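> Predicted model and sequence follow; I will ask about them next.
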Amino acid sequence: MSRVTIDPITRLEGHGKIEIFLNDEGEVENAYLQIPELRGFERFCEGRPVEELPRIVPRICGV
Amino acid sequence: MAEKLKLALYWAATCGGCEVAVLDLNEKILDLAAVADIYLWPVAMDFKYKDVEAWPEKFIDVCLFNGAIRNSEGEHMAHLLREKSKVLVAFGSCSCFGGIPGLANVANATQVMNRVYQETWSTDNRDNVRPQTSVRVAEGELTLPAFYDTVRALNQVVDVDYYLPGCPPVPERIWEVVGAIVSGTLPPKGATVGVTEKTVCEECTRRKEGKIIRAFVRPHQVMADKERCLLEQGLICMGPATRGGCNARCVSVGMPCRGCYGPTDRVSDQGAKMLSAISSILEATDEPAIKKSLDSIVDPLGTFYRFTLPTSLLHRARVERSK
Amino acid sequence: MPDQSFEPKIVGFLCNWCSYQGADMAGTARMQYAPNVHIIRVNCSGRVDPSFILKAFSEGADGVLVAGCHPGDCHYTSGNFKTMRRMPLVERLLADFGIEKGRFRLEWVSAAEGAKWARVVNEMTEQVRRLGPLNWKEQVVNR
């Protein structure tokens, strides 16, 4: 089993990492996509006035 | 032929808006390409972390680092890019002050993870699968960065040479700073650039008639006069406590300022300054009337520290330690 | 579990004309009271910027006390009206940050109220002792 790590993935918005595991024949046995980012909007938007949400959540993605 | 500037742009806990702000230079990006070679820009070009690690020390002339430091990957890249860069610029409000992701400092890592992976009403995670820093799968080990309790600004992790705030920074200001870098006319290190010396109020063209507030209102409670100062109409506007440079873009379209350019350099805590300013201009002079006026402010922490919670004096709210 | 051996560190901002004189009077009258308030004299309670209070907590204070002239008696006429308007909002902000209500107190103490000063200090010291040390940097920020 050999392993190809693509870290980071690029030319898109966001952070990502891909791990590809190859068997002895060089074929892909399995591949994993991991997203190593989290900011917690689901939590910190709570308690904010509702009219402020349209000014906070666009910062989820500026693209 | 002058050597081209080696430029790097990187993002930590980010939304990508600062990248778009650079792209909003529009055709000037060609002028930028004429004076600089971009060696690192995840949104636009390929690279791998091992490429950055292989660079010699101080290889990059200027690194524009946006995004807050939320996890160990961001912290690692902050240290790495500090080592590989002659000049490190905290680019955008997240790296300058913590930004919107900094609001997560009202909670800790456990609370955030619980909400994201379990408690939100649309989440179906019966097996309570959670991200782990290390997990064994059939083929080997997978790793993820460690998620911290506290969000930090860039200068709380490494030495920062310049600060270019804004959520996002206004493209005209970005271009001015690029010009200063190229012509070698940046101010001494430690300065905030791409800003004016005064507050947003100086740039705001609304009519100011005198600030005496009876009560604060939420936007649905008033038909705001399009020409008059928003704060004078009772709408909380962070203009008086926010550094200028943005051309008062929000206020000019009727949105009260929320402070994304951060405080002026004479202020250590933007939220405290705003709190002081708006309570000073209340009309009320007796306790019950004062209480009534202040009760109309719904979310002091989230409003006064919208972009600057991590770099505030208290840095974060007190919650129990993460388990 | 409240630690009875814990000695609270309380920072007190006292206005020069009234409350500092009141505290001074407590001293000259040899009143015995808790030594836990570290006094910072300001010219007016209106000088107390909210950032002073936040800075005190962030730098290790377990409690903060602001004392000024009674409303209407301010040496600078209206300085303490600003104090009156700021401090309730400071209290709300402190609550948002997770700093309990008893750790901050606003009190009007005149130059003649030495006994009141002593009583306020004793009360506040016991209240903060019950709440325990805050240790903002160690307990909250550094992780």
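Nice, thanks for sending it over. The shown structure was predicted, so the numbers you read here are calculated from the model rather than taken from an experiment. Numbers count the residues shown, from 1 in each chain, chains lettered A, B, ... in the order given.

> Taking the centroid of chain A, which residue is nearest it?
Closest residue to the average C-alpha location of chain A: A:Ile35 at 2.9 Å, with Cα atoms, centre = their mean.

> so how far is chain C from it?
When Cβ to the nearest Cβ, to the nearest Å is the yardstick, A:Ile35 and chain C sit 24 Å from each other. For glycine as for every other residue, the C-beta is placed from the backbone atoms N, C-alpha and C.

> try B:Val160
Plainly put, B:Val160 is 19 Å away from chain C if you go by Cβ to the nearest Cβ.

> Skipping its backbone neighbours, what lies nearest the residue nearest to the centre of chain A in space?
Here the nearest residue to A:Ile35 in space, its sequence neighbours aside, is A:Gly16; by Cβ to Cβ, 6 or more residues apart in numbering or on different chains that works out to 5.6 Å.

> Surely that neighbour and A:Thr5 touch.
No. In this structure, A:Gly16 sits apart from A:Thr5 without contact. The criterion is Cβ atoms under 8 Å, and the distance is 11.7 Å.

> What residue in chain B comes nearest to chain A?
Evaluated by Cβ to the nearest Cβ, chain B has B:Gly17 as its residue closest to chain A, separated by 2.2 Å.

> Break down chain C into its helices, ranges please.
Shown for chain C, the helices assigned by DSSP state H span residues C:19-28, C:50-58, C:79-97, C:114-131.

> can you state the direction angle for the last one and helix C:19-28?
Put simply, helix C:114-131 runs at 90 degrees to helix C:19-28, going by axes from the mean of the first three to the mean of the last three Cα atoms, to 10 degrees.

> Which residues in helix C:114-131 does the neighbour count mark as buried?
Residues C:114, C:116-121, C:124-125, C:127-129, C:131 are the ones in helix C:114-131 that count as buried (16 or more other Cβ atoms under 10 Å in any protein chain shown).

> check contacts around whichever residue of chain A sits closest to chain C.
Here chain A gets closest to chain C at one residue, A:Gly47, 8.6 Å apart by Cβ to the nearest Cβ. Each residue near A:Gly47 by Cβ atoms under 8 Å, 6 or more residues apart in numbering or on different chains is listed here: B:Val106, B:Asp299, B:Gly302.

> redo that, cut-off 10 Å
Listed by Cβ atoms under 10 Å, 6 or more residues apart in numbering or on different chains, the contact set of A:Gly47 reads B:Leu103, B:Val106, B:Ala107, B:Val298, B:Asp299, B:Leu301, B:Gly302, C:Asp96.

> likewise B:Gly102?
When contacts are counted by Cβ under 10 Å, 6+ apart, B:Gly102 touches A:39, A:44, B:13, B:68-70, B:93-94, B:150-153, B:305-312, B:315-316.

> ditto for C:Gln127
In this structure, C:Gln127 makes contact with C:Pro8, C:Ile10, C:Gly63, C:Glu100, C:Lys101, C:Gly102, C:Arg103, C:Arg105, judged by Cβ under 10 Å, 6+ apart.

> Just the buried ones from the residues you listed, in PyMOL syntax?
What follows is the PyMOL syntax selecting those of these that are buried according to 16+ other Cβ under 10 Å:
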select buried, chain C and resi 8+10+63+100+103+105
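
> With distance to B:Gln233 added, can I get the contacts of C:Gln127 in TSV?
Putting these into TSV (distance: Cβ to Cβ, whole Å) gives the following:
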residue	distance to B:Gln233
C:Pro8	44
C:Ile10	40
C:Gly63	38
C:Glu100	35
C:Lys101	32
C:Gly102	37
C:Arg103	35
C:Arg105	34
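
> Show me the contacts of C:Gln127 that map onto strands.
Among the contacts of C:Gln127, the members falling in strands (DSSP state E) are C:Ile10, C:Gly63, C:Arg105.

> before we move on, the earlier item: which of the contacts of A:Gly47 are close to chain A?
Among these, the residues that sit close to chain A (Cβ under 10 Å from any Cβ of the partner chain) are B:Leu103, B:Val106, B:Ala107, B:Val298, B:Asp299, B:Leu301, B:Gly302, C:Asp96.

> Return the item of those residues having minimum pLDDT.
Sorting those by confidence puts B:Val298 at the bottom, with a pLDDT of 92.

> what about it, neighbour count?
16 (other Cβ atoms under 10 Å in any protein chain shown).

> Skipping its backbone neighbours, what lies nearest it in space?
Using Cβ to Cβ, 6+ apart, the nearest residue to B:Val298 is A:Pro49, at 5.0 Å.

> In contact with the one you found, which residues?
Contacts of A:Pro49 were listed using Cβ under 10 Å, 6+ apart, and they are B:Arg218, B:Pro219, B:Val298, B:Asp299, B:Gly302, B:Thr303.

> Report pLDDT for the residue nearest the centre of chain C.
Residue closest to the average C-alpha location in chain C (Cα atoms, centre = their mean): C:Leu65, at 0.5 Å. On the pLDDT scale, C:Leu65 is placed at 98.

> Kindly report the same for the one 5 residues further on.
Per-residue confidence for C:His70 comes out at a pLDDT of 95.
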